[in-house]
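> here is the input, now give the coordinates:
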Amino acid sequence: MAARHWSSNLLFLIIAIGTEAGIANVWKFSYLAGANGGGLFVALYFAALVLIAVPALMAEMLIGRHGGQSVVGTMNVLVTRDGIAPAWRVFGPLATITVFLILSYYFVICGWMLDYCWFGLRGGFAGIDAPAASDAFAAMLADPGRMALSSGVIVFATAAIVAGGIHKGIERVSGVLTPLRFVILLALLIYSAVFADFGAAARFLFTVDPSALTRAVVVTAFGQAFFSLGIGVGVMMTMGAYMKREYSLAGAVLTVAFAQGFVAILAGLSIFPLVFTYGLEPTQGPGLIFVTLPVAFGQMPYGQSFGTALFLLLSFAALTATIVILETVVAVLEERTRWTRPALAFAAGLAIWLAGLVTVLSFNRWKDVHPLSWFGVASTKTPFELLDYLTSNLLMPLGGLMVALIAGWSLSRTATRDELQLGDGVAFALWRGAVRWLVPVAIVIIFLSVL
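Have a look, this model is predicted:
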């Protein structure tokens, strides 16, 4: 099979930013910041981004570029060519399975964004109050057909783009949607600055209150910084495999990490002015976007347009992420079957959509089903909550730990130095020390904290 490469460094960066700065950086960052002390959470998040996430992301991408194939193929190359222990081959299928499971529920959540975008286009935000907002969200969750349809639209669009290939599919769509997302986000930011209490939001996000420091806040901020980059599931390894040698890997990672943090801050500065202006509660958790903010949309000038634009932004964010995540699965299958890329993309999409019905049903018909009712921490979890726990709290930390150990201990110093192109000075020594010691220790602490 011919080698796959990004057409240009600029397109690669646009796609990487579109993948990493997904809905986790708009939806999840906002509600976690609201629930965990605002400025303190933001400060800890950026500290973790620099100390933990950036070194780990460099590690995953350098492994990918060094192997040059899918996540499974790359691990085989490293075993046969670089002489790392054959046991590390397990990372390939483990990462692929993890991505499949994550996509099965991620597509459902992405479908919520699309559903609410359509809700806004139909005038749903006009004059909406708190009870109506709660009822609207509950009505969506209670309707499995509606959720299956909205997630199916995202799956179909994602598969169609991936079927088009690297250049005519992924690059072409991300090259348009990612810049458009920034335009929409900046428009929302300007609106909040003009019509809402921008100063209160800035104080909330940038004022650090040391008295709010707790172990839980630290773990949450570090976990968000690390896992929002998708480290440990092979997605960025696949991105790295398509990088040409002349691209600066370290420069790319720093650019992507900066963009991710920048998008998160812009999202917070767009959302929290509305929260404070209309007397809403910033600690509402996951319901902040779907239940709390619609109340503001119903009261504010042009709220109907603002709400629709926000969910259009989130829908675009979802799509620019899902196409590269699905590519991780398709790349593995493409190397191991004779099927055409379109057939693989749609077959994988269909399988993932069917698996996603477990998540869909967990919010309605199976909401009182607890498969592991006999097992301690999992006794009260629905099928979706078990799936989320398995992937987020077990498989992703395990994958991230394996990435750090492979890059820091199994690959030779020469191989990692040549891929990073940092020379043999202080910068490389700092990265190697971080990925060998700091990243594994941080992952273990996060892992133990969420058990």
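
> shaky segments in the protein?
Applying pLDDT under 70 to the chain flags residues 1-3, 285-286, 451.

> now do the contacts for the nearest residue to residue 185 once chain neighbours are set aside.
With sequence-adjacent residues excluded and distances taken as CB to CB, 6 or more residues apart in numbering, residue 185 is closest to residue 266, at 5.3 Å. Every C-beta, even on glycine, is put in place using the N, C-alpha and C of the backbone. Contacts for residue 266 were tallied using CB atoms under 8 Å, 6 or more residues apart in numbering; they are 185-186, 189.

> which among those gets closest to residue 364?
Nearest to residue 364, judged by CB to CB, of the contacts of residue 266 is residue 185 at 32.3 Å.

> neighbours around that closest one, how many?
When neighbours are defined as other CB atoms under 10 Å, residue 185 has 23 of them.

> what separation do you get for it and residue 235?
As judged by CB to CB, to the nearest Å, residue 185 and residue 235 stand 22 Å apart.

> thinking again about what came up before, make CSV from the contacts of residue 266 and add distance to residue 27 and secondary structure to it.
Shown next, in CSV, are the contacts of residue 266 (distance: CB to CB, whole Å; DSSP: H, G, I helix; E, B strand; the rest coil):
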residue, distance to residue 27, secondary structure
185, 13, helix
186, 18, helix
189, 16, helix
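
> return the member of the residues you listed nearest to residue 22.
When these are compared for distance to residue 22 (CB to CB), residue 185 comes out closest, at 12.8 Å.

> contacting residues for that closest one?
Contacts of residue 185 by CB under 8 Å, 6+ apart are 26, 263, 266-267, 270, 313.

> ranking the residues you listed by neighbours, who comes first?
Top of those by neighbour count (other CB under 10 Å): residue 270, with 28 neighbours.

> next, give phi and psi for it.
Dihedral pair for residue 270: phi -90, psi -30, per degrees, to the nearest 10.

> what strand or helix carries the closest residue to it other than its chain neighbours?
Once flanking residues are discounted, residue 270 sits nearest to residue 188: 4.3 Å by CB to CB, 6+ apart. Element membership for residue 188, per DSSP states H and E: helix 172-195.

> now do residue 152
Using DSSP H and E, residue 152 sits within helix 144-163.

> so residue 124: helix, strand or coil?
Assigned state for residue 124: coil (three-state reduction, DSSP: H, G, I helix; E, B strand; the rest coil).

> quick revisit: what's the angle from the helix holding residue 188 to helix 144-163?
120 degrees (axes from the mean of the first three to the mean of the last three CA atoms, to 10 degrees).

> just the C-alphas of helix 172-195, formatted as CSV.
Provided in CSV are the C-alpha atoms of helix 172-195 (Å, rounded to 0.1, in the frame of the first residue of the first chain):
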residue,chain,number,x,y,z
ARG,A,172,-10.9,19.2,2.0
VAL,A,173,-13.6,19.2,4.7
SER,A,174,-11.4,20.1,7.7
GLY,A,175,-9.7,22.8,5.7
VAL,A,176,-13.0,24.5,5.4
LEU,A,177,-14.8,23.7,8.7
THR,A,178,-12.0,24.3,11.1
PRO,A,179,-11.4,27.9,10.0
LEU,A,180,-15.2,28.4,9.9
ARG,A,181,-15.4,27.2,13.5
PHE,A,182,-13.0,30.0,14.5
VAL,A,183,-15.0,32.6,12.7
ILE,A,184,-18.2,31.5,14.5
LEU,A,185,-16.5,31.3,17.8
LEU,A,186,-15.1,34.8,17.4
ALA,A,187,-18.5,36.1,16.4
LEU,A,188,-20.0,34.6,19.6
LEU,A,189,-17.1,36.1,21.6
ILE,A,190,-17.8,39.6,20.2
TYR,A,191,-21.5,39.2,20.9
SER,A,192,-20.8,38.2,24.6
ALA,A,193,-18.5,41.2,24.9
VAL,A,194,-21.1,43.6,23.6
PHE,A,195,-24.4,42.2,25.2
